[in-house]
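*Asks:* Pasting a predicted model and its sequence here:
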Amino acid sequence: MPGMRDRWEERTQVPLLVLAVGFGIAYAVPIVAPGADPWVHRLCTHVEWTVWAAFALDYLVRLALAPARWAFVRSHPLDLLAVLLPMVQPLRLLRVVSTLLLVGRRARMAPQITLTTYVAGAVVGLMMFGSLAVLHVERDAPDGNIKTLGDAVWWSFTTMTTVGYGDHAPTTGLGRVLAVGLMLSGIALLGVVTANIAAWFIARFDRDDAVERRHTELLEALTREVRELRAEVARLSPPPVEAPAPDGAPDVPVPTAPRS
């Protein structure tokens, strides 16, 4: 069963990602263009429900293929929320988060450079959808100061990076809940990027150290071989023959040619 679930997740990863992009467009159009024709709003609603149904089916299939179903439910809480809370407007974003989690399960086993790409995409996605959600909530608030998409994007960027200039801030309770979620998500994702870059540098230093250690070992082995060769040459060489010296002169050893 685990093998079947892995194959299912691998085969549905790209289709669900495409559906998530469609959901993002359907979610954004009514917010960015509230004065669009009614049929456009109806089409966007149908697309959102279609994407929700696809995620619900995917969750049920993965739950049926899981060897421990209760453990699967506990380990995928956002997926469950995305299926159970389709009627709450801001929480429809959890369906997009579900796809990011689906991609993230595979990204955890990917090389650092690929993981960074996935995380960077998640950061951009959260910033854009956070902007749309807060604009939808705050635009009609009596005391709200986030009235345009530009204001919302600027607020999301400063919130995710924890800069918080304060020139734009949510005034409604739901908008502040979205701000808390965006801050926590931004800190977590940016922390992953920082840790991934640090891990890349550490891995690079480890490779350099391994190469240096290998060169040192080869040099030491070569030094030992030279010493052994010198000792062998000294052992095979005949002892020098002492030639008779004149009276009063010290004997001087005269080397002889080696015998063939």
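*Replies:* Perfect, I can see it now. Residues are numbered from 1 along each chain as shown.
*Asks:* where along the chain do the strands fall?
*Replies:* For the chain, the strands defined by DSSP state E cover 241-243, 252-254.
*Asks:* weakest of these in terms of mean pLDDT?
*Replies:* The minimum mean pLDDT among the strands of the chain belongs to strand 252-254 (a mean of 53).
*Asks:* And stretch 160-174, what's buried?
*Replies:* 160, 168-170, 172, 174 (16 or more other C-beta atoms under 10 Å). Every C-beta, even on glycine, is put in place using the N, C-alpha and C of the backbone.
*Asks:* What lies in contact with that stretch?
*Replies:* 90, 123, 126-127, 130, 134, 137-138, 141, 143-146, 151-152, 154-155, 158, 176, 178-179, 182-183, 185-187, 189-190 (C-beta atoms under 8 Å, 6 or more residues apart in numbering).
*Asks:* what about 6 Å?
*Replies:* Identification of contacts with stretch 160-174 by C-beta atoms under 6 Å, 6 or more residues apart in numbering yields 127, 134, 137-138, 141, 143-146, 151, 155, 158, 176, 179, 182, 186.
*Asks:* from the middle of its chain, how far away would that stretch be?
*Replies:* 27 Å (C-alpha atoms, centre = their mean, to the nearest Å).
*Asks:* so how far does it reach from one end to the other?
*Replies:* 17 Å (C-alpha to C-alpha, to the nearest Å).
*Asks:* Mind checking the pLDDT average for stretch 209-226?
*Replies:* The pLDDT scores in stretch 209-226 average 86.
*Asks:* before we move on, what about stretch 26-34?
*Replies:* 85.
*Asks:* So that it lines up with my notes, have the first residue be 22 from now on.
*Replies:* In the new numbering, first residue 22, that becomes stretch 47-55.
*Asks:* returning to what we had before: make JSON lines from the buried residues of stretch 181-195 and add distance to residue 247 to it.
*Replies:* Below are these laid out as JSON lines (distance: C-beta to C-beta, whole Å):
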{"residue": "181", "distance to residue 247": "62"}
{"residue": "189", "distance to residue 247": "73"}
{"residue": "190", "distance to residue 247": "74"}
{"residue": "191", "distance to residue 247": "75"}
{"residue": "193", "distance to residue 247": "80"}
{"residue": "195", "distance to residue 247": "78"}
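*Asks:* ok so, going back, out of the contacts of stretch 181-195, which are inside helices?
*Replies:* Within these, residues falling in helices by DSSP state H are 148, 155, 158-159, 172, 176, 179, 197, 200, 203, 207.
*Asks:* Which among those count as buried?
*Replies:* 148, 155, 158-159, 172, 176, 179, 200, 203, 207.
*Asks:* out of these, who's nearest residue 224?
*Replies:* Residue 224 lies nearest to residue 207 out of these, by C-beta to C-beta, at 25.8 Å.
*Asks:* just to revisit the earlier point, min pLDDT across the buried ones among the ones in helices among the contacts of stretch 181-195, which one?
*Replies:* residue 207 (80).
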